[in-house]
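[1] Let's see this in three dimensions:
(one chain, ligands or ions: 1)
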Amino acid sequence: MMGSMHIAIGADHGGFALKGQIAHLLREDGHEVLDLGASVFDPDDDYPDFAQQVAQAVAFGQAERGIMLCGSGVGACVVANRIPGVRAAICHDSYSAHQGVEHDRMNLLCLGARIIGSELAFELVRVFINACFSGEERHRRRLQKLQAIEQQYRRTIVKPQGG
Ligand code: RB5
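    Next comes the predicted model:
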């Protein structure tokens, strides 16, 4: 069981209501919650704005883990994984929610608020937060490969000529 953590959370309109419930649950569990919006329900807001904030908080070390909600979890996940150092996944089953941390060092959980109910979401959040990276050699090796891929593309992306 992990101790108290700093957890960044965010959601667009699709995940807004569930975000409030999850933030409440995490605070009740003794965690420090950094709520990065949306701060009001706006049916026209856009998930990239919040997913970037949550992912950045994790990448910059302001939060140890992140939770991002949208309608399906897909948009949130796609955006979050663009920030180097972030390993985000949609987990709507508890095995993935802890195994993703234990093996893959997942540090950002994405949830689809239109797909799962609140009780399952609470369970997934707790399983994710309480899981630890195993540190086993084979998982470290895979993580290093992932980091090497990230580095490779950081180096090779160049500005288009004459653009
Ligand atoms: C918003 O309507 C919806 O498209 C968004 O929350 C999310 O599901 C995207 O993946």
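[2] Kindly report the residues of this protein close to the ligand.
    Applying Cβ under 6 Å from any ligand atom, we find that the chain lies next to the ligand at 12, 14, 47, 70-72, 74-75. Heads up, the C-betas are built off the backbone N, CA and C, glycines and all.
[3] Next, find the distance separating the residue nearest to the spatial centre of the chain from residue 82.
    For the chain, the residue sitting closest to the mean C-alpha position, by Cα atoms, centre = their mean, is residue 108 at 2.2 Å. According to Cβ to Cβ, to the nearest Å, residue 108 and residue 82 sit 12 Å apart.
[4] Could you name every residue contacting both of the two?
    Common contact partners of residue 108 and residue 82 (Cβ atoms under 8 Å, 6 or more residues apart in numbering): residue 55.
[5] Near residue 98, how many other residues are there?
    Close neighbours of residue 98, defined as other Cβ atoms under 10 Å, add up to 19.
[6] Tell me which residues are up against the helix or strand containing it.
    When elements are assigned from DSSP states H and E, residue 98 belongs to helix 94-104. Contacts to helix 94-104, defined as Cβ under 8 Å, 6+ apart, come from residues 87, 89, 91, 106-107, 109, 123-124, 127-128, 130-134, 139, 142-143.
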